[in-house]
Each structure stands twice: as C-alpha cells, then as structure tokens.
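>>> Quick one, fold the following:
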Amino acid sequence: MCPPGVDQTTRSPPLWTFLAPGLSQKQELPSDRKERWYDAGPLGFFNSGLSWDAFGKLARVGHDSKSPFLLRQLVRAPDMSSRLEKLAAELLCIISADLDVDDLIALGLCSQTLWCIAMCQLQNEYQRRMAPWAGTPIICTSTHLTSVPDSFRQVNPGLIEEMEAWKVRGQMGTRPRMGMSPVRRWNWRALNDYSEVVDVHSLSSQCLAAFSTKVESSGIPKKLQASLQRTMTNDLFHPPSVHNRSKWVLRNLDTKEVVHFRAVKREGFKDTVCLAISGLPWLTLDFVLTLRILWPNLNQYNDPQPSNVKVGAWAGHKFDVVEAANFEPGESWQNATEDIVREAKTTKPNSKSLWWIMYAYVKWAAGLEGCLVGLAM
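Sure, this is the predicted structure:
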C-alpha cells in the first residue's frame, strides 16, 4: 500500500480524450479494442483508421436559412384555428424557442402550422450545432498528464500559475509524495465535469427518436407519417458532406498554417468518403489533427511512451475546415502540408506496431513493480 499523498493514478493505463476547454466538452479517443488494458492509445488509433469526426466538428459549410420544403409548407399552411395558432409568428417562435426537442416534436404534430414552426426552430438549432469546435482551442490529453502546452496561458492561465507553484514546492520535498499535480487533477475534473460534444448527428438522432415515440398517438395517417419523417431526414437535416466538394483546407487560426486535403474513399470502410492528403489515403484529417494536438506525458517517472508518439505542435490551438474554393491563401497563411507528411511518416505504425504496444506496457508494469519493491524495503 502506498504512503499517504502518493499519486496512484498511473497504476492503470491512461485514458485518452479530446477536450475543448472553452466549451467544457469532451470526446474519448476512438478505439477498436473492447478491453481498455489492450488499448494502445494514440498509437492504436493511428493504426486503426478510425475517425472521431473531426470534419463534422470543424467544417464551416454554408447552408440556407430555411429549406425549400419549409417555405412551401409555410405558404400552404391552412388558416390558423386554435388560439395558439392565432398568435403572431414572432410570438410562436419565442414560445417554441424555450421547448426541448421532445416537446417541439410533440407541438409540431398538433397541426401543419405548428409543424412548420417546430421544424424552423429545429433547423435553427441544427445550424448552431454545426462545426461546434471550430474556432475554439482543442487538445488530446491522457489521465497521466504531467504538463500543458504554452497555449494554455490563454486558455487557462490560472492552471499554469498553479502548476508553477507546485513545481516550486516540489523542490523542497519528495515529488511523488506531493500528491496529484494540478494539471492531472484538472484533467480528471474535465473528464468528470465536461459534457459529451453535442453535434448535428446527436440532434438528428434525438429528433427521429422523439418522432417515432410520439407520432403513433398523434392520429396522423400512416402515409403522412412517412412523409413527415422524410421531411426531417431529407429537407431539415443537412450534415456536412465531402461527397460533392473534393478539395478542403484545414486552417490553424493561431499560427496561420494550412493543410490541404482531398475527398478520397476511406481505407477499410466500404462506400465511405473522408478527407486525406493527396496521394496518402491513410493520412486523413482525423490522423493529422490528432497528431498535431496530442499532448503526451513528459518526464513522468512511471509512464512510458513509444518513441514515435510525439508532442503535438498545435495542442491547444484553434482550427476550422473550409472549402478550398472559399479559401484565399494570401501572404499571411503558410502551407504546412509537406511538414505534416514528413512528421506523419515517422509516426504511422508499421508491422512492428504490436511490439511497440508490448514494450510500452511491459515497461509500465516493470516500473510499477520497482515502485512497490522500493516501498516494501
């Protein structure tokens, strides 16, 4: 048993998470392994070809304020009959704006006019949820965190000051017995307090689930039910897509650097299109961003990292993704595509990647055993 004050969080493998501190949102790093013990973290992610939907979180895509269907419905709506429907459209919008998704769907199923009002509100909410992480600092950290990048001086200056004070106190005693460092404590609090990222996919799923639950008791004919559901999926929700737009640009809004991508078929996933650097289908937008915002553990006495997992130069920076046709390079933007390619080629796991995984955890277990033996003596 460890003495009081010893940080014991490194006894288990680290949990890797994408964090957006400015929005208090998070998303776990995807893994194709069910057992956490065998999860290789970033190295396993780079080797898996999985996606955390970086495009959906950062792509700024233009959309019409109202779909053609809603405009047609508003014109063709019958004369208002109920007292609620006789209110001015502005008042109806104010009332419906305070309703959650389930209540909006229930309200819309009462009449054609209220259906149009509900759909307009849902479409406005849909627009707000598009590209939720565009223009906000993001970083990928683990529960073994030992430091934060300099960019956090703007994101969370209090944390930087607290960490510097903690380091000063550590010079007067035994560092391992000082307890958990402030940055690691902050990371654990973020995992507990931050909410899962809310995007357009979650809204569409919520709307369809509410519709399926409430439409049966609405008295609407079956044929019309199917028509209303098609309205929600085809006319209301327009998730960002790369199918009809072949060239895109990832922009680092802090360093004024860009990376150019093309729409390609996703490796290992049938009939799926993703963004990747030209000629390198494995080097996707998700791979590049994870590589550049990753913040692994530095100088940790009991936390090994494979040598090809490096500190991300863009950790804690702000990004967005725009169509190449709408991007004006100018002198202020620097093309970082070639630098990314060189860095990624040294990081991409090869046939020896399993050996890196085994080495990392064997070293971790050996370090833990040494710690226990030292305490026992």
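>>> a helix runs through Arg128, doesn't it?
Yes - secondary structure assignment (DSSP: H, G, I helix; E, B strand; the rest coil) places Arg128 inside a helix.
>>> And the pLDDT for it?
Here the pLDDT value assigned to Arg128 is 77.
>>> go on, Trp333?
93.
>>> Now it, what are its backbone angles?
When quoted as degrees, to the nearest 10, the phi and psi of Trp333 stand at phi -100, psi 130.
>>> now the helices for the protein?
When secondary structure is read from DSSP state H, the chain shows helices at 42-48, 54-58, 68-76, 89-97, 101-108, 112-129, 152-155, 157-170, 182-193, 200-214, 222-230, 285-293, 337-347, 353-376.
>>> With distance to Phe261 added, can I get these in CSV?
For the C-beta atoms, the positions are set from N, CA and C on the backbone; glycine is no exception. Supplementary listing: the helices of the chain in CSV, determined by distance: least, C-beta to C-beta, whole Å:
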stretch, distance to Phe261
helix 42-48, 17
helix 54-58, 9
helix 68-76, 30
helix 89-97, 37
helix 101-108, 33
helix 112-129, 23
helix 152-155, 26
helix 157-170, 33
helix 182-193, 29
helix 200-214, 20
helix 222-230, 32
helix 285-293, 6
helix 337-347, 9
helix 353-376, 24
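>>> Looking at the ones you listed, spot the one closest to Leu250.
helix 285-293 (6.4 Å; C-beta to C-beta).
>>> Test my guess that Val155 contacts Lys318.
No - in this structure Val155 lies outside contact range of Lys318 using C-beta atoms under 8 Å: 9.8 Å.
>>> Overlap of the contact sets of these two?
Pro137 (C-beta atoms under 8 Å, 6 or more residues apart in numbering).
>>> burial of the nearest residue to Val215 once chain neighbours are set aside, as a residue count?
In space, and not counting its chain neighbours, Val215 is closest to Gln225: 5.3 Å by C-beta to C-beta, 6 or more residues apart in numbering. Counted with other C-beta atoms under 10 Å, the neighbours of Gln225 add up to 16.
>>> shouldn't Gln225 be in contact with Ser212?
No - contact criterion C-beta under 8 Å: Gln225 and Ser212 do not qualify, at 9.5 Å.
>>> Gly219 and Val148, how far apart?
Separation of Gly219 from Val148 (C-beta to C-beta, to the nearest Å): 57 Å.
>>> er, His317 I mean
Taking C-beta to C-beta, one finds His317 at 13 Å from Val148.
>>> Arg60 now?
Arg60 is 27 Å from Val148, by C-beta to C-beta.
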